[in-house]
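J.: everything below, folded, please.
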Amino acid sequence: MNKLKPLFLVWSVILWHGMAAQFNDRGSFHASLGVASGVHGTEYETRFSFAGIEIVSDTTDGAVTVTYPIQVSYGFARAFSLGLIIEPGSYLDSNATRSNGFLVYGIEPRFYIVNKDRFAWMASFQFGGSHLRIEEQGPVIAEATYVGTNFGIGSGVAFLFTDHFGLQLHLRYLSTRMPLTSYTQSGTSVALTNYEAELRTKGVALQASLAYKF
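T.: Now for the predicted structure:
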């Protein structure tokens, strides 16, 4: 029996190492940079008060987004990591000739349903803020700024090609609520007296990211 102890210890170490090898683990750090393309349904609501009468207008439309998500996360347990996401890009509605800048950001709790050495299947949430600037060109240059919140859920897979480098693919649902916070004409601020507007969006995006783990 004593002669078998060294062999048993070696086998135990190998087995433990194989079981311990995970895409995510406590102390793992992940970083990724990618591109995402999304389609969204939009709802635009305005409220105007005049002489004690409130006039409400509600219109629906569609939009597409192209964004560049930057994500970092830290593993607090094998099945859980917490990260940050910042996602700049462009937002194009039916008036696609207008220039704009779009940004969403927030925290991203992520759960690992399958967590292998070089493969993972993940589910995630997203909570944060959103910012949209739309500029209309013409005889008078007008700029509208919307600032609000975002909520998202997603599912994705990750593949490691080496111990540290790989690819992630995600399908994400994202909703935003962005009230109009400022409006300018030719650089002059216009008071939003008795006027309110809010843009709400709901849509899905497909994302591909180059990922690094260490």
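J.: do you know how far residue 158 is from residue 29?
T.: Residue 158 is 14 Å from residue 29, where distance means C-beta to C-beta, to the nearest Å. Heads up, the C-betas are built off the backbone N, CA and C, glycines and all.
J.: pretty sure residue 208 contacts residue 172?
T.: No. Residue 208 is beyond contact range of residue 172, at 11.7 Å (criterion: C-beta atoms under 8 Å).
J.: follow-up on the earlier one: of residue 158 and residue 29, which one has the most company?
T.: Neighbour count, other C-beta atoms under 10 Å: between residue 158 and residue 29, residue 158 has more, with 25 against 14.
J.: what about the more buried one, helix or strand, and which?
T.: Secondary structure from DSSP states H and E places residue 158 in strand 142-160.
J.: neighbouring strands for that strand, and are they parallel or not?
T.: Sheet pairing of strand 142-160 (DSSP bridges) gives strand 119-136 (antiparallel), strand 165-185 (antiparallel).
J.: still on that earlier bit, overlap in contacts of residue 208 and residue 172?
T.: residue 36 (C-beta atoms under 8 Å, 6 or more residues apart in numbering).
J.: between those two, which is the more surrounded one?
T.: Using other C-beta under 10 Å as the criterion, residue 208 and residue 172 rank with residue 172 on top: 21 against 15.
J.: now do the contacts for the nearest residue to the more buried one once chain neighbours are set aside.
T.: Of all residues not flanking residue 172 in the chain, residue 154 sits nearest, at 3.7 Å (C-beta to C-beta, 6 or more residues apart in numbering). Residues in contact with residue 154 (C-beta under 8 Å, 6+ apart) are 123-126, 170-173.
J.: cool, and residue 54?
T.: Residues near residue 54 by C-beta under 8 Å, 6+ apart: 47-48.
J.: please report how far the residue nearest to residue 172 lies from residue 95.
T.: Distance check for residue 154 against residue 95: by C-beta to C-beta, it reads 29 Å.
J.: okay, residue 214: pLDDT?
T.: Residue 214 is assigned 89 on the pLDDT scale.
J.: measure it to residue 110 for me?
T.: 17 Å.
J.: these two: which has the busier surroundings?
T.: residue 110 (22 against 9).
J.: pretty sure the more buried one contacts residue 122?
T.: Yes. If you go by C-beta under 8 Å, residue 110 and residue 122 touch, sitting 5.5 Å apart.
J.: before we move on, back to that, in a markdown table: the contacts of residue 154, plus distance to residue 147 and pLDDT.
T.: Output for the contacts of residue 154, formatted as a markdown table (distance: C-beta to C-beta, whole Å; pLDDT from 0 to 100):
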| residue | distance to residue 147 | pLDDT |
| --- | --- | --- |
| 123 | 28 | 98 |
| 124 | 24 | 98 |
| 125 | 21 | 98 |
| 126 | 17 | 98 |
| 170 | 25 | 98 |
| 171 | 27 | 98 |
| 172 | 21 | 98 |
| 173 | 21 | 98 |
